[in-house]
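Enquirer: coords please:
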Amino acid sequence: MQNSNTISYIDHNKVINIKSEKLFREAQDDFFFFNKINCARQKLAQAVKLTPNHQKSILLLADIYFIKGFIKKALSLYEKALKISPDNAKILASIANCHNSLSNYNLAINFCNKAILKLSPDNYQLFYQILEIKINTLLTQKKFISAYNELSSAKIFLNDSFLYNLQILHDKIARRKKLNKLHFQLIQAGTL
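Expert: The predicted model follows:
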């Protein structure tokens, strides 16, 4: 059989430069153990430059950008990682968190819903985090009834702190209904 130069059996999207992996591991140590965030960021940026599809480096770099407050940079990296792994619930949740931080509340809720659909049954910790993002987004939008309904539907999976929040939401909804019946208007102090 003759070798042909026209056919490539190598999937270049799966080829990882070994230096990228080394830089990623060094950056992990810098970030998690030595608290050298900027050093880790530089190493991860170099790793991504060497291997643009190195998902681990992309995600850790995005996490660092998010922590440092560069939400738009983090969002673009999470979206890049999503192209590599479109079914990854953690990436979808991270995108939802970025949209929530950027006040893109409808997009945040959409990505929360997508992330919940992609969760595996044994990943309850991520479920709690996604649910918290979704509830906080709904509360920011003053959609108390929707937040209450979300908490009620997830009641089976929730721990005591979430159930406490469910009671608080129930109380807020009851007070709002009572105020609506009385036709009172709330006036903020200092607006007169």
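
Enquirer: mind showing which ranges of the chain have poor pLDDT?
Expert: Residues of the chain that meet the criterion pLDDT under 70 lie in 1-15, 155-167, 169-170, 179-180, 182-192.

Enquirer: Can you point out the buried residues in stretch 117-136?
Expert: In terms of neighbour count (16 or more other CB atoms under 10 Å), stretch 117-136 has its buried residues at 118-119, 126-131, 133-135. Every C-beta, even on glycine, is put in place using the N, C-alpha and C of the backbone.

Enquirer: Next up, identify which helix or strand the residue nearest to the spatial centre of the chain is on.
Expert: Of all residues in the chain, the one closest to the mean position by CA atoms, centre = their mean is Ser94, 1.7 Å from it. Using DSSP states H and E, Ser94 falls within helix 89-101.

Enquirer: again, but for Lys114
Expert: Remark: Lys114 resides in helix 105-118, with elements defined by DSSP H and E.

Enquirer: ok, back up a step: just checking, what packs against the helix holding Ser94?
Expert: Identification of packing neighbours for helix 89-101 by 3 or more CB pairs under 8 Å, 6 or more residues apart in numbering; DSSP states H and E yields helix 55-67, helix 71-84, helix 105-118, helix 124-140.

Enquirer: who wins for proximity to Ala27 among those helices?
Expert: Evaluated with CB to CB, the helices and strands packed on helix 89-101 place helix 55-67 nearest to Ala27, the distance being 6.4 Å.

Enquirer: buried set for the closest one?
Expert: Buried-residue list, helix 55-67, by 16+ other CB under 10 Å: 55-66.

Enquirer: Stretch 93-103 too?
Expert: Quick answer for stretch 93-103 (16+ other CB under 10 Å): 93-101.

Enquirer: Quick one: residues in contact with stretch 71-90.
Expert: Stretch 71-90 is contacted from outside by 53, 55, 58-59, 61-63, 65-66, 91-92, 94-95, 98-99, 101-102, 115-116, 118-120, 123, 126, 130, using CB atoms under 8 Å, 6 or more residues apart in numbering.
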